[in-house]
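Q: can you look at this prediction? I've put the sequence above it.
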Amino acid sequence: MGYLLEMKKITKKFPGVTALKDIDFQLRPGEVHVLLGENGAGKSTLVKILSGVYEPTEGTIVINGKEYAKLTPKESIENKISIIYQEISLIDELSIGENIYVGKLPTKKLFNMTVVDYKQVEKNTRELLKKVGLNKEPSVLAKELSISEKQQVEIAKALSYNAKVIIMDEPTSSLTIEETKKLFEIIKQLKNEDVGIIYISHKLNEIKEIGDRVTVLKDGTYVGTRDVRDVEIEELVTMMVGRELKSKYMNVGHRQKGTKEVVFKVSNLTRADKRVRNVSFEVYKGEILGFAGLIGSGRTELMNAIFGADKIDSGEIRLFGEQLAIKSPYQAIKKGMALITENRRETGFFPNFEIWKNVSIEPLIKESKLGGIWGLLNRSKERDYAKKQKDLLNIKCSSIDQNITELSGGNQQKVIVGKWLAAESKLIIFDEPTKGIDIGAKSEIYNIMRELSDNGKAVIMVSSELPELLAVCDRIAVFREGELRTILTSDEATEEKILLAATSAK
Amino acid sequence: MGNKFNSIWQKYGTLGILILITVLLGILSPKYFLTPNNLVQVALQSSITILIACGEFFAILIAGIDLSIGSIVALTGMITAKMMAWGYSVPVAILVGGIMTGAILGAINGGLVNATALHPFIVTLGTQAIFRGITLIMSDARPVYGFPLEFKNAIAGWIWNIPIPVIIALAAALILSFVTDMTRLGRNIYALGGNSQAAWFSGINIKLHTLIVFIISGITAGIAGVVMTARLGAAEPLAGVGFETYAIASAIIGGASFFGGKGKILGVVMGGLIIGVINNGLNLLNVATYYQQIVMGALIIGAVTLDRFVSSRK
């Protein structure tokens, strides 16, 4: 069978580092070829060579029998290669149709002037949207779409170029289970039309479901390519990390000791904007309480309200018996609460700070007076905080003076966890703590959570990955449309039960 | 290697430019430029720019801007002058008319930014006009002069061979440098400038810090108003027009970024000196004032472009 494209002995060197070394990769028509590897393994670099962002140092790319030493972005498009990035790049203020045809809007003549032919745009867009199964008017603005709908538009955009190769960079990282299913159906349809798909993902269970072949990279080197149906997940994990992870890759072990000692209690909490209504739950000593639900079901909104970042209408919060009246994150931190937010880049870290300043910000705020403004800095103490967290959490960096933006996603997350640990919080809320980070870092985060819980802290985890919730949590609270539907113990919880509670009315 | 060059550039780039320009002017005007008298003159001329630039730097640090400082310079200068005319003692006039008024005007800026959630650009564009209007009404658009001699001696005099405005500017820079580098307040302001959302979730009170930042900017402008009035021997209603340009230019040349969270007071001081040196040099070289404006504008664009170019060579 001929290949849609072939990469031979690709090497990419950056000053000081070899990002890729002798990588071979082929894509057949109509296959989903999964690129697997931990963060920093070189997946993105490889893909960026295909989209023309990077020039390979050595090696060739063969497309339709033609050899290229490098691709320019223009050549990439001409060869019908399309990439859908993790961060959707639609223009919010433009309509779906305009977004799809931006840069290549069809025109017509009107009084001898060339104007955009919006009728044509609408007609073509309608056809494309039908193909990707998005039931929206072409005139709807991009900002009114959900993330998964935006992704569908991106796919439609790729199709508008008659893309033969579509690269998807972690397409399901922000999708709910339902939306993921829908995406997989679209992918299957694309396969039928002989489109080749390069699929980057961290989610191992997806590979079995959607992949045909899988290529594993590790530290910029080629580990191997396997047919998905002949390979076990365990083998892939071993290929990725290069070592056998203990037992199952995310089993942290449940320790429900049957304690009923309440360490954190929320009663009848309602947000001022009513996006969360009448929620009550307790966290017991020694347990991790999980929160499941569809994206937008109100879990993040609940956590933000508990933490004082958003306004509360009514309700009561007790931490270790003490009733709290929290109106800002500052007060929450003073009382010993911590919130590791959902989005690292937007609400997690300070891109202008070194690692040590990112770590020390929380203990500083906790110690400080007068709304955090009063007091002098103690540089050596701050650096000690950071060094301690670096060793404790195994943060991979050249030194604590490195800027946080130079770290991989997993290590950035560890820095954020580190700052809250340095602040010695009593309640720690993890909101999607493993989003976009590799398996090694994931299991480290789980272990931290378990350790915190064992040491008597109240630990809450919000996650949209059910296997993760089931593996890590002792009980799982299920959210739907701003209300808490049920709380399942780990013994009774299954993916099906959670899904049912998260989606069905009543 | 690229990174190392980058960090050296960030630390010493502004100093390098300052030395380069100084050497260049020394060669172009060997007789006049590098004389002790002239260098003191440069420092004196730069003192007001440095004062207001240090305050402006705080506003830029939180990814904001303060366009009203020129008007604050005029209004505080005017109130100080009026208070002396009404018979208040010199220290009271300076403290209340200059520093406290500056703080209050800054608090108005910060309060409005917090209350309206508008970008500081809009708010201070508005207050720039309002404060100027108040100055004109107060003064009937006429300058106020005739102060006690001790006012001029205290603010615009000399200690040994150093002009007092220079000492004031350096003292302000030293204090603010201490605030940015050694205090929690300073660290929080950098954090707020780097990522305001993350700052909020980290427990930093955004409104409180925004208020403080504009108060600092107001106070430095207030001090500059007093210094200017003392130097001129009169409070001019149209004093300080266009000062924000110099202040912003000093901060940006000194390494601050409009995206916030970047830069140091030391850099801003050097930025202010660069502008002072160039102005002085162009005067010595007999370049007409109007051309100086063009040079200044080109310098701002050039300096920032150079910085971008070097920073992007990662």
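A: That came in fine, so what should we check first? Note that the coordinates shown come from a computational prediction; the quantities given were computed from them, not determined experimentally.
Q: only C-alpha atoms for contact and neighbour calcs from this point on.
A: OK.
Q: just the terminal-to-terminal distance for stretch A:320-328.
A: End-to-end distance of stretch A:320-328 (C-alpha to C-alpha, to the nearest Å): 19 Å.
Q: just stretch A:463-482 next, same as before
A: So stretch A:463-482: terminal residues 16 Å apart, C-alpha to C-alpha.
Q: ok, which stretches of chain B are strands?
A: Assigned by DSSP state E, the strands in chain B fall at B:144-145, B:158-159, B:162-163, B:234-235.
Q: cool, and the stretch 151-300 of chain A?
A: Taking DSSP state E, counting those that start in this stretch as the criterion, the stretch 151-300 of chain A carries its strands at A:165-169, A:196-200, A:213-218, A:221-227, A:262-271, A:279-284, A:288-293.
Q: for chain A, what lies in contact range of chain B?
A: A:15, A:309, A:328-333, A:339, A:346-353, A:361-362, A:364-365, A:368, A:371-378 (C-alpha under 8 Å from any C-alpha of the partner chain).
Q: deepest-packed of the strands of the stretch 151-300 of chain A, please.
A: strand A:288-293 (a mean of 28; mean count of other C-alpha atoms under 10 Å in any protein chain shown).
Q: could you list the residues in contact with it?
A: Contacts with strand A:288-293, where a contact means C-alpha atoms under 8 Å, 6 or more residues apart in numbering or on different chains, come from A:283, A:299, A:449-450, A:453, A:458-464, A:466, A:469, A:472-480, A:498-499, A:502-503.
Q: return that strand as CSV; C-alpha atoms alone will do.
A: Taking C-alpha atoms only, strand A:288-293 is exported to CSV below (Å, rounded to 0.1, in the frame of the first residue of the first chain):
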residue,chain,number,x,y,z
ILE,A,288,-10.1,11.7,48.2
LEU,A,289,-13.4,13.0,47.1
GLY,A,290,-13.8,13.1,43.3
PHE,A,291,-16.1,15.3,41.3
ALA,A,292,-17.4,13.9,38.0
GLY,A,293,-19.7,15.5,35.4
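Q: note down every partner strand of it and its orientation.
A: strand A:458-462 (parallel), strand A:475-480 (parallel) (DSSP bridges).
Q: helix or strand next in line after the shortest one, which one?
A: This points to strand A:458-462. helix A:466-472 (DSSP states H and E).
Q: the last one too?
A: Past strand A:475-480, heading to the C-terminal end, the next element that is a helix or strand (DSSP H and E) is strand A:483-489.
Q: I'd like to know which elements that next one is packed against.
A: Judged by 3 or more C-alpha pairs under 8 Å, 6 or more residues apart in numbering or on different chains; DSSP states H and E, strand A:483-489 is in contact with strand A:279-284, strand A:475-480, helix A:495-503.
Q: avg pLDDT for it?
A: Per-residue pLDDT values across strand A:483-489 average out to 91.
Q: how about the helices in the stretch 51-200 of chain B?
A: Per DSSP state H, counting those that start in this stretch, the stretch 51-200 of chain B carries helices over the ranges B:69-85, B:90-92, B:101-116, B:120-139, B:149-156, B:164-182, B:184-194, B:196-201.
Q: if you could redo that for the stretch 201-350 of chain A, that was the one I meant.
A: Under DSSP H, counting those that start in this stretch, the stretch 201-350 of chain A gives helices at A:204-210, A:233-241, A:299-306, A:329-334.
Q: and the second one, what does it pack onto?
A: Counting by 3+ C-alpha pairs under 8 Å, 6+ apart, the packing neighbours recorded for helix A:233-241 are strand A:213-218, strand A:221-227.
Q: could those strands go into JSON lines alongside mean pLDDT?
A: Listed next are the helices and strands packed on helix A:233-241 as JSON lines, based on pLDDT from 0 to 100:
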{"stretch": "strand A:213-218", "mean pLDDT": "90"}
{"stretch": "strand A:221-227", "mean pLDDT": "91"}
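Q: dump those into JSON lines; add distance to B:Ala93 as well.
A: As requested, these are exported to JSON lines (distance: least, C-alpha to C-alpha, whole Å):
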{"stretch": "strand A:213-218", "distance to B:Ala93": "71"}
{"stretch": "strand A:221-227", "distance to B:Ala93": "73"}
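Q: so which of these gets nearest A:Met240?
A: When the helices and strands packed on helix A:233-241 are compared by C-alpha to C-alpha, strand A:213-218 sits nearest A:Met240, at 6.0 Å.
Q: helices or strands next to that closest one in the packing?
A: strand A:32-36, strand A:221-227, helix A:233-241.
Q: what's next to that strand, contact-wise?
A: Under C-alpha under 8 Å, 6+ apart, the answer for strand A:213-218 is A:25, A:31-38, A:41-43, A:207, A:222-228, A:236, A:239-242.
Q: could you list the low-pLDDT ranges of chain A?
A: Applying pLDDT under 70 to chain A flags residues A:1, A:16, A:39-40, A:87, A:202, A:241-258, A:504-506.
Q: against A:Asp117, how distant is the residue lying farthest from the centre of it?
A: Distance from the C-alpha centroid of chain A peaks at A:Phe111, with 50.2 Å (C-alpha atoms, centre = their mean). A:Phe111 sits 13 Å away from A:Asp117, going by C-alpha to C-alpha.
Q: what's the answer for B:Val144, then?
A: From B:Val144 to A:Asp117 the distance is 66 Å (C-alpha to C-alpha).
Q: more neighbours: which of the two?
A: A side-by-side neighbour count of B:Val144 and A:Asp117, using other C-alpha atoms under 10 Å in any protein chain shown, places B:Val144 first with 20 against 14.
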